[in-house]
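Visitor: sequence below, structure please.
(chains A and B)
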Protein chains: 2
Amino acid sequence: MTYEFEPIGVIHSCFKEKFGIPRQSGLIPEAFGRLEILPPFNRPEAFRELECFSHIWLTFVFHAAIREQWSPSVRPPRLGGNRRVGVFATRSPFRPNPLGLSVVKLNRIDFSAHQVNLELGGIDLLDQTPVLDIKPYVPYSDAIPDAREGFAPQPAKPSLSIRYSNAAKTFLDTLDADFVRHLHSLLEQILEQDPRPAYLQGSDTRQTFGMRLYDLNIRWRIEDDNLTITEIDSCIRPNNAKPHRYE
Amino acid sequence: MTYEFEPIGVIHSCFKEKFGIPRQSGLIPEAFGRLEILPPFNRPEAFRELECFSHIWLTFVFHAAIREQWSPSVRPPRLGGNRRVGVFATRSPFRPNPLGLSVVKLNRIDFSAHQVNLELGGIDLLDQTPVLDIKPYVPYSDAIPDAREGFAPQPAKPSLSIRYSNAAKTFLDTLDADFVRHLHSLLEQILEQDPRPAYLQGSDTRQTFGMRLYDLNIRWRIEDDNLTITEIDSCIRPNNAKPHRYE
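Guide: Purely as a prediction, here's the structure:
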């Protein structure tokens, strides 16, 4: 017996690749995204009074983690990548049914032009993620601050200081100033989480890391506690064009 | 594009029919249940360290609410049953993809006899519910006590006092004493939520209501603020048999 589900929407996210995506939602408030509701689900009445809720649950498909086989145990990056725990004791995308669950901020619903778009904040979702369901966040049943958690420690406090190379600054000067302000905040929040694998954290590898945000390639290096954004360039976009709605 | 999922487990619940099921999980701590993991997912290593978490999320199928058509708006019982809101602003089981989401207490994992069974508390799940995924509850991302909620008010404070008719008492005397103590608590917690449709609540209808719990038929009546359990009898079970693991 199997059950078949059809996406009701698709995510448009600043995160164009897996590396750099926060390990949980809510960690990067500046990570905005948009959930585009697909026909035939784009009927405004299906969203009536949803805006009364500040947060929503998204049930989605880990579309970049679909595998033929499933493994009963995984090595969570947060545990250093060498301790195995049961897949159901983790939020790993590699699970028997590749279903994801995130609570995100609902900033606004845009009903214009026969479309329904939900503007979101604090997302941890890859671009093009198919969404199967939306539910309101109801604190009286969903918020259990005293729940005991197992091996997953609280996210570490940020300790890195971030600077930009001259080359990166020069490139940023060619972009829209509002977008650059947003990008500074977003990068700060992402890099404070130190997206490198846990086994590299705290070590001074001088290795260069890279990630894609919007249509920008971003490279950085860590020496001691100083993080330097060495390079930023555009994958596709001509300089000085503001990305459409920060997507 | 559709996605197909296979249940990893099935719920064994005291709730044998929809009427009487609490509107959210956690409202009825005495509502115990068991999640039986189905092969090939019943591998102990897939659950390693899950017991470190006090609560888990279940993503499940509303198997008794699967419809050919979906309606963009619904009338939540809690709002009196005559105000329409968007389906995505509710947790209604009647939704485009009939996916449910509940956080439940994880009391114990039983690994005996080549089976994996998760013993749960505070469930709001119908018997035989197919479960698609299990995830640990992680307070630092999932608990948002200050989230703003829309039209859904806090559950009303209980105000009913509960008594048992002589006929009901006589029947209960034939049952196992431990089970009867559990049943008293469970009934009290369910009936305090007043499972009648909201438009009947607060009115003195003298109508008799019934629900099935385990294999018991239970009937009650409300007059003023007094709730009387008028009748309890067994659907199938010979008297004096203790239900297997309270199922």
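Visitor: where along chain A do the helices fall?
Guide: Listed in chain order, the helices of chain A (DSSP state H) span residues A:139-142, A:166-172, A:177-192.
Visitor: hmm, who's touching the last one?
Guide: Okay, so that is helix A:177-192. Applying C-beta atoms under 8 Å, 6 or more residues apart in numbering or on different chains, the external contacts of helix A:177-192 come out as A:14, A:20, A:22, A:27-31, A:158, A:160, A:162, A:172, A:175, A:211, A:213, A:216, A:218, A:220, A:227, A:229, A:242-243, A:246. For every residue, glycine as well, the C-beta is placed using N, CA and C.
Visitor: and the residues you listed near chain B, which?
Guide: A:L27 (C-beta under 8 Å from any C-beta of the partner chain).
Visitor: what's the PyMOL line that selects buried ones from the contacts of helix A:177-192?
Guide: A single PyMOL command selects the buried members of these (16 or more other C-beta atoms under 10 Å in any protein chain shown):
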select buried, chain A and resi 14+20+22+27+28+30+31+162+172+175+211+213+216+218+220+227+229+243+246
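Visitor: how about the spatially most central residue of chain A, what does it touch?
Guide: Nearest to the mean C-alpha position of chain A, by C-alpha atoms, centre = their mean, lies A:D124 at 2.4 Å. Counting by C-beta under 8 Å, 6+ apart, A:D124 touches A:F15, A:I21, A:P22, A:R23, A:Q24, A:S25, A:G26, A:L27, A:I28, A:A31, A:S102.
Visitor: tell me which two in the residues you listed are the farthest apart.
Guide: By the measure C-beta to C-beta, A:F15 and A:G26 form the most distant pair in the contacts of A:D124, at 14.5 Å.
Visitor: those two: which has the busier surroundings?
Guide: A:F15 (24 against 20; other C-beta atoms under 10 Å in any protein chain shown).
Visitor: so where do the strands sit in chain A?
Guide: All strands of chain A, identified by DSSP state E, fall at A:3-5, A:9-13, A:33-37, A:55-61, A:73-74, A:85-86, A:99-110, A:117-121, A:130-136, A:161-164, A:208-213, A:216-223, A:226-234.
Visitor: Serialize those strands to CSV and add fields for mean pLDDT.
Guide: CSV is the format used below for those (pLDDT from 0 to 100):
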stretch, mean pLDDT
strand A:3-5, 96
strand A:9-13, 97
strand A:33-37, 97
strand A:55-61, 98
strand A:73-74, 94
strand A:85-86, 95
strand A:99-110, 96
strand A:117-121, 97
strand A:130-136, 98
strand A:161-164, 89
strand A:208-213, 89
strand A:216-223, 89
strand A:226-234, 90
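Visitor: with distance to B:L50 added, can I get those in CSV?
Guide: CSV is the format used below for these (distance: least, C-beta to C-beta, whole Å):
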stretch, distance to B:L50
strand A:3-5, 23
strand A:9-13, 28
strand A:33-37, 30
strand A:55-61, 20
strand A:73-74, 11
strand A:85-86, 6
strand A:99-110, 16
strand A:117-121, 29
strand A:130-136, 23
strand A:161-164, 37
strand A:208-213, 31
strand A:216-223, 34
strand A:226-234, 35
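Visitor: okay, now the domains of chain A?
Guide: A:9-141, A:161-246 (automatic domain parsing).
Visitor: B:L58: which of those is closest?
Guide: The nearest among those, by C-beta to C-beta, is domain A:9-141 at 10.4 Å.
Visitor: just the endpoints, please. Distance across that closest one?
Guide: Domain A:9-141 has an end-to-end distance of 26 Å (criterion: C-alpha to C-alpha, to the nearest Å).
Visitor: how near is the residue nearest to A:T129 when sequence neighbours are not counted to chain B?
Guide: Distances taken as C-beta to C-beta, 6 or more residues apart in numbering or on different chains place A:I11 nearest to A:T129, at 4.1 Å, with adjacent residues excluded. Per C-beta to the nearest C-beta, to the nearest Å, A:I11 is found 14 Å from chain B.
Visitor: list the contacts for A:I11?
Guide: A:I11 sits next to A:33-36, A:60, A:123, A:125-131 when contact means C-beta under 8 Å, 6+ apart.
Visitor: coming back round to it: pLDDT score for the residue nearest to the centre of chain A?
Guide: On pLDDT, A:D124 comes in at 91.
Visitor: now do A:K157
Guide: pLDDT, A:K157: 58.
Visitor: and A:R67, by the same measure?
Guide: pLDDT, read off for A:R67, is 86.
Visitor: repeat for the one 4 residues further on
Guide: In the prediction, the pLDDT value recorded for A:S71 is 94.
Visitor: wait, it sits on A:G86?
Guide: No: using C-beta atoms under 8 Å, A:S71 makes no contact with A:G86, being 10.1 Å away.
Visitor: ok, now which ones touch the closest residue to A:N226 other than its chain neighbours?
Guide: The shortest distance from A:N226 to any non-neighbouring residue, by C-beta to C-beta, 6+ apart, is to A:S161 (5.7 Å). If a contact means C-beta under 8 Å, 6+ apart, then A:S161 has A:D225, A:N226, A:L227 as its contacts.
Visitor: residues in contact with the last one?
Guide: Under the criterion of C-beta under 8 Å, 6+ apart, the contact partners of A:L227 comprise A:L160, A:S161, A:I162, A:R163, A:L191, A:W220, A:R221.
Visitor: hmm, back to that, between the contacts of A:I11, which sits nearest chain B?
Guide: Comparing the contacts of A:I11 against chain B with C-beta to the nearest C-beta places A:P130 closest, at 7.2 Å.
Visitor: on that earlier part again, can you list the contacts of A:I11 in TSV and add neighbour count and distance to B:P136?
Guide: Formatted as TSV, those follow (neighbours: other C-beta atoms under 10 Å in any protein chain shown; distance: C-beta to C-beta, whole Å):
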residue	neighbour count	distance to B:P136
A:G33	24	24
A:R34	20	29
A:L35	27	25
A:E36	15	30
A:F60	24	18
A:I123	26	20
A:L125	25	19
A:L126	21	21
A:D127	17	26
A:Q128	12	27
A:T129	25	21
A:P130	20	23
A:V131	24	22
